[in-house]
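Peer 1: Prediction below, plus the sequence it came from.
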Amino acid sequence: TQLLEQSPQFLSIQEGENLTVYCNSSSVFSSLQWYRQEPGEGPVLLVTVVTGGEVKKLKRLTFQFGDARKDSSLHITAAQPGDTGLYLCAGAWDTDKLIFGTGTRLQVFP
Amino acid sequence: EAQVTQNPRYLITVTGKKLTVTCSQNMNHEYMSWYRQDPGLGLRQIYYSMNVEVTDKGDVPEGYKVSRKEKRNFPLILESPSPNQTSLYFCASTIKWYFFSGANVLTFGAGSRLTVL
């Protein structure tokens, strides 16, 4: 079974700080997605990366796909309380399934 | 509004009492899937369906059943619930499952929190 490990599992920071969340696997992904989930809601897709080395930016969020397509990172610049939530990575291995990571719970305090 | 609707949102039941969690989407999506979410384990797939009358097991199918008689509905059935099925359940759909592609965008329901005593 493919596994996606995310780190850290929990992160509590002050507004304005920067942070990075990591998603790692021993397998090569065909594509990698990042989702954000807020309390009482389902996950919502933030971005999809498909090419090794790819970098995508979404306002203050920067997503990077590793050159070997085995890992990914999410960097948030100047975090805000509205960034609070559970961040999930999800990888596809050229199958009919999407495997989700273990999740990183982020809390940003004003 | 395009959405995936799950019911009930919250349910407390007892061991062995059959229950069904309904899922309906209004986007004419072919692909639907059920996940369970447990702390530290992320989302794990229970069952999925590529289209009407086509279902397959995910990673944790034991104790669950599904059916896909209509395109819009994909109910999750727990024939004899047990306490280890206490979890947060999500239904999701996408227009079609594209292999070898990053084009699959899942739309999730708001979740159903199930407690089995």
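Peer 2: Right, received. Where do you want to start?

Peer 1: tell me the contacts of the residue nearest in space to the middle of chain B?
Peer 2: Compute the mean C-alpha point of chain B, and by CA atoms, centre = their mean the closest residue is B:Trp34, 2.3 Å away. Contacts for B:Trp34 were tallied using CB atoms under 8 Å, 6 or more residues apart in numbering or on different chains; they are B:23, B:45-48, B:58, B:64, B:66, B:74, B:76, B:89-92. Just so you know, the C-beta spots here come from the backbone N, C-alpha and C atoms, and that holds for glycine as well.

Peer 1: cool, and A:Arg105?
Peer 2: By CB under 8 Å, 6+ apart, the residues touching A:Arg105 are A:9-11, A:85-87.

Peer 1: Repeat the analysis, applying 7 Å as the threshold.
Peer 2: A:9-10, A:86 (CB atoms under 7 Å, 6 or more residues apart in numbering or on different chains).

Peer 1: can I assume the residue nearest to the centre of chain B sits in a strand?
Peer 2: Yes: applying DSSP: H, G, I helix; E, B strand; the rest coil, one finds B:Trp34 inside a strand.

Peer 1: Please report the distance of it from B:Gln85.
Peer 2: To B:Gln85, B:Trp34 is 12 Å away according to CB to CB, to the nearest Å.

Peer 1: quick revisit: just the buried members of the contacts of A:Arg105?
Peer 2: When these are checked for burial by 16 or more other CB atoms under 10 Å in any protein chain shown, the buried set is A:Leu86.

Peer 1: Restricted to strands, list the contacts of A:Arg105.
Peer 2: Using DSSP state E, the subset of the contacts of A:Arg105 located in strands is A:10, A:86.

Peer 1: nearest to chain B, of the contacts of A:Arg105?
Peer 2: Nearest to chain B among these, counting by CB to the nearest CB, is A:Gln9 at 6.9 Å.

Peer 1: Okay, and the residue in chain A that chain B sits nearest to sits in which element?
Peer 2: Residue of chain A nearest chain B, by CB to the nearest CB: A:Gly42 (2.8 Å). In this structure, A:Gly42 sits in neither a helix nor a strand according to DSSP states H and E.

Peer 1: dump the residue contacts of it.
Peer 2: B:90, B:108-111.

Peer 1: For chain B, what lies in contact range of chain A?
Peer 2: Neighbours of chain A within chain B, by CB under 7 Å from any CB of the partner chain: B:40-43, B:45, B:58-59, B:90, B:97, B:99-102, B:104-106, B:108-111.

Peer 1: ok, back up a step: need the contact list for the residue lying closest to the residue of chain A closest to chain B once chain neighbours are set aside.
Peer 2: Spatial nearest neighbour of A:Gly42, excluding adjacent residues (CB to CB, 6 or more residues apart in numbering or on different chains): B:Phe108 at 2.8 Å. The contact partners of B:Phe108, taken as CB under 7 Å, 6+ apart, are A:42-43, B:4, B:90, B:92.

Peer 1: before we move on, back to that, let's have the contacts of A:Arg105 in CSV, adding distance to chain B and pLDDT.
Peer 2: Output for the contacts of A:Arg105, formatted as CSV (distance: CB to the nearest CB, whole Å; pLDDT from 0 to 100):
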residue, distance to chain B, pLDDT
A:Gln9, 7, 93
A:Phe10, 10, 95
A:Leu86, 9, 95
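
Peer 1: how about JSON lines for the contacts of A:Arg105, with distance to A:Ser72 added?
Peer 2: Shown next, in JSON lines, are the contacts of A:Arg105 (distance: CB to CB, whole Å):
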{"residue": "A:Gln9", "distance to A:Ser72": "16"}
{"residue": "A:Phe10", "distance to A:Ser72": "19"}
{"residue": "A:Leu86", "distance to A:Ser72": "16"}
